[in-house]
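# Just to be clear, the model below is a prediction. Sequence and coordinates:
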Amino acid sequence: MDERPDTPHRLDASGGCPHAANARLLARGSVARVMLPGGIEGMAVLGHEALKEFLSHPEVAKNARHFTALCEGRIAEGWPLATFATVPGMTTADDADHRRLRSLVSRAFTVRRVEELRPRIEELTDSLLDALEEAADDGVADLRRHFALPLSMGVIGELLGVDAGYRDRLHRLSNQVVATDIGPEEAVAANRELLAVLGEIAAARTEDPGDDLTSALIAARDEGGDRLSAPELIGTLLLMIVAGHETTLNLLTNAVRALCGHRDQLDLVRSGKASWADVVEETLRWDAPVSYFPFRYPVRDLILDGTVVPRGTPVLAGYSAAGRDPSAHGPDADRFDVTRPARPGATRPLSLGHGAHYCLGAPLARLESGIALERLFARFPDLDLAVPEADLTRHSSFVGNSVRTLPVRLRARAAYQPYEPPMPPR
C-alpha cells in the first residue's frame, strides 16, 4: 500500500532494493520525511541538485551535538545508527577539527600515492582470481566472498597495517555496524567488540610500528594530543576499515551484477567503445554502493528545494536516489549505460560524496574496481550470474546497497553435443 504524502516514509530496516521506493519518493520531491529505526523522525535528500547543495551547505554540520533527539535523550542505547552519529573522527567533525583529522589521513590517498599501489593491487587481483577458480564447485563460486571481499579488505588492510588474521572478524563486525535491522543488545556487543579489536591493532602497531597509515596516525597521536586524541585514533581506524572496504566491496559486486545483466554494455567495453573506468562511474550512478548515508544536521531551519528541513534534524544523504534522478540524468536515468559519462554535460555521480567531506578513498576505490573488473572479465570472459538477479539476497541495511552473496558461473556451459558412434573401420 502506498504511504500518504503527509506521513514520513518508513525506511525498511531489513534493507532490500531501494530503487522502487526511491522513484516513488522522487516523484513527490527532492526532500522526503523519513522514519528511522526506533521511531526517530528524520529527512532524506534524494534529488541530485538538492543533495549537491546540501552536502556543501555552510550551515549543515556533522557533529552530533547538533542532533536534537540525541541531545534530548530520545536515542536509546543500542540504536542501530548510533555509531554513525557518535564515533569520533572525520565523519562527525566540523570545520577546524575536520580539517585537522582529514590532513592526517589525506597524504595516504593522494593521486600519486594511490597510483603507486597499482602493482600491488594487480598482483593481489591475479592471486584472488586463482583462488576464485579453485573455490568453484561445478564451475560456480561466490564472487563476493572469494574475490571482491578479500580484494577490498586486503588493500585497506595492507594500507593500514592490519594483520590478515583480523580481516574476516573486522568484516563481520563492520557488517553489523552498518546493519539497520540489528537489535540493541547485538548492536552494543558488536560495537564493543569492534572497538576492542581496533584497540588491539593500535597496540600492536604501537609496539611494532611499520610503514603503514596506522603507525603514522599513532606517531601523530604521540606527538601531541592536539593533533590526534586516543578516541579519534580508534574512530579514524573504524572509519577507514568500514568505509574503506565496504564501499569498494559493494561497488565491485554491483558492477559485476550490472554487466552480467547488460551484456550489450559489456560488449561496448570489449569493443573499445567504453572503458572500465566508464563502467565504474556508471555503476556509482546507477547502483550506488551506499544508499542512505547518515547523518548531517542543519544548524538552523533550511529551505531546500522548497522543503523546510528543521534545525537539528538527522538527515540522510540519498545517494542511490540521486543517481537515478531523471532531472539530472535524463528520462533514461533507470537505464545502465556505460557510454553515459562520455556525453557532453554529463552529471558526475554523488555516490562518493561532495564538498568538504568528499570520500578520501574515492581514487583508491575507482582504481581497485577498474583493475578488478578488467582482469576478472579477461580471465573469465563468459562469466555470468549462476542464479537469477531476483533470487539474490539483499543486504539487511538501508545504508549499504548490494547483495550478500554473488554466485557466478565462471565459464559458459559446454554446448550439448549429441552422441555420435564411432565410424566402423574400413
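Received, thanks. Every value quoted in this text rests on a predicted model; they were computed, and no experiment measured them.

# shaky segments in the stretch 301-426 of the chain?
Within the stretch 301-426 of the chain, the segments meeting pLDDT under 70 span 342-345, 413-426.

# need the helices for it, in chain order.
For the stretch 301-426 of the chain, helices defined by DSSP state H, counting those that start in this stretch occupy the ranges 319-323, 326-329, 362-379.

# Which elements pack onto the first one?
Using 3 or more C-beta pairs under 8 Å, 6 or more residues apart in numbering; DSSP states H and E as the contact definition, the elements that helix 319-323 packs against are helix 19-28, helix 48-55, helix 276-286, strand 292-298. C-beta coordinates here come from the backbone N, C-alpha and C atoms, glycine included.

# so who does Leu266 touch?
By C-beta atoms under 8 Å, 6 or more residues apart in numbering, the contact list for Leu266 reads Leu259, Cys260, Phe377.

# same deal with Val188?
Applying C-beta under 8 Å, 6+ apart, we find Val188 in contact with Glu77, Gly78.

# For it, pull up the helix or strand it's in.
In this assignment (DSSP states H and E), Val188 forms part of helix 184-207.

# Specify the angle between the helix or strand just after that helix and helix 184-207 in degrees.
Sequence-wise, the next helix or strand downstream of helix 184-207 (DSSP H and E) is helix 213-223. Interaxial angle of helix 213-223 relative to helix 184-207 (axes from the mean of the first three to the mean of the last three C-alpha atoms, to 10 degrees): 80 degrees.

# isn't Asp142 right up against Leu406?
Yes - assessed by C-beta atoms under 8 Å, Asp142 is found in contact with Leu406 at 6.2 Å.

# Can you name the element that comes right after the longest helix seen in the chain?
What stands out as the longest helix in the chain, according to DSSP state H, is helix 230-261. Counting by DSSP H and E, the next helix or strand C-terminal to helix 230-261 is helix 263-270.

# avg pLDDT for that next one?
When pLDDT is averaged along helix 263-270, the result is 97.

# okay, now Arg65: neighbour count?
11 (other C-beta atoms under 10 Å).

# again but with Thr393, I slipped
Per other C-beta under 10 Å, the neighbour tally for Thr393 reads 10.

# Ramachandran coordinates for it?
When read as degrees, to the nearest 10, the backbone of Thr393 gives phi -80, psi 130.

# For Glu223, report the pLDDT, please.
pLDDT recorded at Glu223 is 72.

# With Arg4 instead?
pLDDT recorded at Arg4 is 62.

# so which of the helices of the stretch 301-426 of the chain comes closest to Phe84?
The closest approach between Phe84 and any of the helices of the stretch 301-426 of the chain, judged by C-beta to C-beta, belongs to helix 319-323 at 14.2 Å.

# in the chain, which residue is closest to the centre?
Residue closest to the average C-alpha location in the chain (C-alpha atoms, centre = their mean): Thr247, at 2.5 Å.

# wait, what's in contact with it?
The contact partners of Thr247, by C-beta under 8 Å, 6+ apart, come to Pro289, Val290, Leu352, Cys359, Gly361, Ala365.

# Give the full set of residues in contact with the last one.
Okay, so that is Ala365. Thr247, Thr248, Leu251, Leu352, Cys359.

# Once you drop chain neighbours, what's closest to the second one?
The reference is to Thr248. Using C-beta to C-beta, 6 or more residues apart in numbering and skipping residues adjacent in sequence, the residue nearest Thr248 is Ser152, 4.0 Å away.

# got the contact list for that neighbour?
Ser152 sits next to Gly244, His245, Glu246, Thr248, Leu249, Leu252, Glu368 when contact means C-beta under 8 Å, 6+ apart.

# Return a PyMOL selection command for the buried portion of these.
The PyMOL command for the buried members of the contacts of Ser152 (criterion: 16 or more other C-beta atoms under 10 Å) is given here:
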select buried, resi 244+245+246+248+249+252+368
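
# Can I get the contacts of Ala365 in a markdown table including distance to Leu266?
Shown next, in a markdown table, are these (distance: C-beta to C-beta, whole Å):
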| residue | distance to Leu266 |
| --- | --- |
| Thr247 | 23 |
| Thr248 | 20 |
| Leu251 | 17 |
| Leu352 | 23 |
| Cys359 | 27 |
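
# Just give me the closest of those residues to Asp6.
Leu352 (33.6 Å).

# What are the boundaries of the strands in the stretch 1-150 of the chain?
9-10, 31-36, 40-45, 60-61, 140-142 (DSSP state E, counting those that start in this stretch).

# strands paired with the fourth one, and their directions?
When pairs are called by DSSP bridges, strand 60-61 turns out to pair with strand 292-298 (antiparallel).

# List of residues touching the strand it pairs with?
So strand 292-298 is contacted by 11, 18, 42, 44, 54-55, 57, 59-64, 66-68, 81, 84-85, 309-320, 398-399 (C-beta under 8 Å, 6+ apart).

# circling back to that earlier point, quick one: closest of the helices and strands packed on helix 319-323 to Pro388.
Per C-beta to C-beta, nearest to Pro388 of these: helix 19-28, 17.1 Å.

# Show me which residues of the closest one are buried.
By neighbour count with 16+ other C-beta under 10 Å, helix 19-28 contains the buried residues His19, Ala21, Asn22, Ala23, Leu25, Leu26.

# What separation do you get for the fourth one and Ala13?
Same thing as Ala23. With the distance defined as C-beta to C-beta, to the nearest Å, Ala23 ends up 20 Å from Ala13.
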